[in-house]
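Colleague: Fold the following.
(chains A, B and C)
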Amino acid sequence: MNDNENKAYYTRELTAWYQRGNRDLPWRRSRNPYHIWVSEIMLQQTRVETVIPYFNRFMEKFPTIDALADAPEEDVLKAWEGLGYYSRARNLQAAAQEVKESYEGKVPDTPEAISSLKGVGPYTAGAILSIAYNKPEPAVDGNVMRVLSRFFLLEDDIAKPSTRGKIEKLARALIPAGSAGDFNQALMELGATVCTPRSPHCLVCPVMERCGARLEGRTDELPVKTKAKPPRPESRAAAFITDAAGRLLVRQRPQDGLLARLWELPHVPLSEGGREEASREADKRALRERLAAEDGLRVVPGEWLTDAEHTFSHLRWDMRVYRGRLAHEPGEPEALPPAYRWMGRDEMGSYAFPNLFLRIIQGEAEAAAGREARA
DNA sequence: AAGACGGGGAT
DNA sequence: ATCCCAGTCTT
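Modeller: The predicted structure follows:
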């Protein structure tokens, strides 16, 4: 029951377990701080298996900090397409430019400097310092909070920001001299592969003998975490408009906020709450009126095409998609409002779209191909 | 302290 | 349907 003894045991057994074998991941093949940095940004709220192909492509396209700093932002967003949390990509590039200008192109190795970079919070700072430079800094993520909460029987709500600090202090005390990087990775590896959120694999756990949660049969109760609020539903209508050349009318999203600077189909919010009854006609009227009022785009909505639903962390879009055409005076070439443009199928490979719209566009392309084949 | 910010895989 | 992921930034 000795606390210090438990800590020493934990550090010893976990480190030995990790050194006996761990996953072969692309960013573990070197100690290149740039590789570690990019991987840690991508891994924020994102699974290892999801990140691997993105990481490999990213390193091919942007092999060095300089290459990333000098690339067009559009290319960086495209490389991030589908990964989500797009501010990570914009912050990463801004930070690469900062590293190039202020740190001679080398990822800094002090807590102050590394933490000052955009997109680098307490977890990522600790991860880079420990993994790339073997500095004895804690790297506390969701895995670490779960794993330590269980072993040390911590009842604190891990959804509360204050809990992080407490667990960080514990994690710092556990770091073995000279092996900070391996130990921190071991902690996360255990959480990802053994001490999983549900149905943990206690029988193969290297620290099961002294795990508080297992000994008390409380692995299902720990860690304590308050539930998140469900996403708020939002109905929207989108316009699928093509020109004679088959190009699609798209617009770029604003500089900030949700899906910033990505491309999308023109669409408008519909009345929320669902008090008035939804109808095709109401959708089309909203599409026509709101695109005209907000963007100065005059469209004539047509037949219903498809529905698409997409859930974000905090909201859910129920998108209804209508074919449409531009309303313009006969013989007068319409001028598109700012942020709008026609985009050919071949060009879409160069611009980043949120998955929701990729699915809609892809689905329509397949439907068109089907019509073509039958005709 | 709470909300914004993507998308997908596991149960 | 629910959880939650190698979190950070803004308010």
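Colleague: quick one: A:Ala228 from A:Arg88, how far?
Modeller: Here the criterion is CB to CB, to the nearest Å. By it, A:Ala228 lies 20 Å from A:Arg88. In short, each C-beta sits where N, CA and C put it, glycine included.
Colleague: Have a look at these two and say which one is more surrounded.
Modeller: A:Arg88 (18 against 9; other CB atoms under 10 Å).
Colleague: ok, that one to A:Thr196 distance?
Modeller: A:Arg88 is 25 Å from A:Thr196, by CB to CB.
Colleague: So is the worst-scoring helix or strand of chain A on mean pLDDT next to DNA strand B?
Modeller: Within chain A, no helix or strand scores below helix A:355-374, which has a mean of 89 by mean pLDDT, DSSP states H and E. Yes. Contact of helix A:355-374 with DNA strand B (CB under 7 Å from any atom of the strand) involves A:Asn355, A:Leu356.
Colleague: what packs against that helix?
Modeller: Helix A:355-374 is packed against strand A:232-241, strand A:299-311, strand A:315-326, with contacts defined by 3 or more CB pairs under 8 Å, 6 or more residues apart in numbering; DSSP states H and E.
Colleague: just how off-centre is the helix or strand hosting A:Asn91 within its chain?
Modeller: According to DSSP states H and E, A:Asn91 maps onto helix A:87-102. Per CA atoms, centre = their mean, to the nearest Å, the displacement of helix A:87-102 from the mean C-alpha position of its chain is 17 Å.
Colleague: hey, C-alpha coordinates of that helix in PDB?
Modeller: The C-alpha trace of helix A:87-102 is given here as PDB (Å, rounded to 0.1, in the frame of the first residue of the first chain):
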ATOM      1  CA  SER A  87      -7.200  25.000 -37.400                       C
ATOM      2  CA  ARG A  88      -4.500  22.400 -36.500                       C
ATOM      3  CA  ALA A  89      -3.300  22.600 -40.100                       C
ATOM      4  CA  ARG A  90      -3.300  26.400 -40.300                       C
ATOM      5  CA  ASN A  91      -1.700  26.700 -36.800                       C
ATOM      6  CA  LEU A  92       1.000  24.200 -37.700                       C
ATOM      7  CA  GLN A  93       2.000  26.100 -40.800                       C
ATOM      8  CA  ALA A  94       2.000  29.400 -39.000                       C
ATOM      9  CA  ALA A  95       4.200  27.800 -36.300                       C
ATOM     10  CA  ALA A  96       6.500  26.400 -39.000                       C
ATOM     11  CA  GLN A  97       7.000  29.900 -40.300                       C
ATOM     12  CA  GLU A  98       7.700  31.100 -36.800                       C
ATOM     13  CA  VAL A  99      10.300  28.300 -36.300                       C
ATOM     14  CA  LYS A 100      11.900  29.200 -39.600                       C
ATOM     15  CA  GLU A 101      12.100  32.900 -38.700                       C
ATOM     16  CA  SER A 102      12.800  32.900 -35.000                       C
END
